[in-house]
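Enquirer: coords below, sequence missing:
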């Protein structure tokens, strides 16, 4: 999943970014509200962590602008404004959750997991496709009950394909959701990681659950359908 963190305290910004990357998320960091709004209008983020006191436009204005544009991106406000009235204002402006500073990083992680699960199915913990099962909490994959060790990129790709099971997903879409915004859109990174992922899945399943339509993208099937490879 891809997250944008917008926070003007640079040390806190870097700390949050580092922690989320360790958890396996793909993270962009910004400390300016105007730049964050521009980025949020371009990049398909799954979640935005948003401070309220920002240079440029403030967090509430950014949030209201996104909601006025019918953006459904999940937003978690991170703010030192702790009064009940402040939380009400933030939630009424369109935030999905509100966390008061200072906070424990473990609580932030739990709220992030909850919001990202809610993006698809409320309370969803496991993703299943045929003999594949992915635990969204531990971010571990098993096939026929055997755990398969994946890299962070392979994990991100497989999770996205499982969340869009049966749908053709383009390389550009995978780049948008499984890499940060610094990725070269003309690189062959997706193909390289897909190839490695397929080998690992075949070694346990005995078949390849990932198919591709030439010129369109990749899709995950319940069984090997012998589509174009």
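Expert: Arrived safely. Being a predicted model, the structure only gives us computed values, none of them experimental.
Enquirer: just checking, what packs against the helix or strand hosting residue 19?
Expert: Per DSSP states H and E: residue 19 is located in helix 10-22. Packing partners of helix 10-22 (3 or more CB pairs under 8 Å, 6 or more residues apart in numbering; DSSP states H and E): strand 2-6, strand 26-30, helix 105-118. For every residue, glycine as well, the C-beta is placed using N, CA and C.
Enquirer: which one of those lies closest to residue 195?
Expert: strand 26-30 (20.0 Å; CB to CB).
Enquirer: The helix or strand following the closest one relative to strand 26-30, how many degrees between them?
Expert: Going down the chain from strand 26-30, the next helix or strand is helix 33-42, by DSSP H and E. Orientation check (axes from the mean of the first three to the mean of the last three CA atoms, to 10 degrees): helix 33-42 against strand 26-30 gives 150 degrees.
Enquirer: Buried residues in helix 33-42, which are they?
Expert: For helix 33-42, the neighbour count (16 or more other CB atoms under 10 Å) marks 33, 36, 37, 39, 40 as buried.
Enquirer: And the fourth one, how far from residue 131?
Expert: So that's residue 39. 39 Å (CB to CB, to the nearest Å).
Enquirer: Might one say that residue 162 is in contact with residue 132?
Expert: Yes: using CB atoms under 8 Å, residue 162 is in contact with residue 132, at 7.0 Å.
Enquirer: Settle it for me: which of the two has more neighbours?
Expert: residue 132 (22 against 19; other CB atoms under 10 Å).
Enquirer: Spatially nearest residue to that one (excluding sequence neighbours)?
Expert: Leaving out its chain neighbours, the residue that sits closest to residue 132 by CB to CB, 6 or more residues apart in numbering is residue 143, at 5.4 Å.
Enquirer: Look up how far residue 222 lies from that neighbour.
Expert: Relative to residue 222, and taking CB to CB, residue 143 is found at 13 Å.
Enquirer: swap in residue 30?
Expert: To residue 222, residue 30 is 40 Å away according to CB to CB.
Enquirer: With neighbour numbers in mind, choose between the two.
Expert: Counted by other CB under 10 Å, residue 30 and residue 222 do not tie: residue 30 has more neighbours, with 22 against 13.
Enquirer: ok so residue 195 is a helix residue?
Expert: Yes: the assignment for residue 195 is a helix, going by DSSP: H, G, I helix; E, B strand; the rest coil.
Enquirer: How many residues are close by it?
Expert: Neighbour count for residue 195, taken as other CB under 10 Å: 11.
Enquirer: any idea of the pLDDT on it?
Expert: pLDDT for residue 195: 91.
Enquirer: Same check on the one 3 residues further on?
Expert: If you check residue 198, the pLDDT there is 91.
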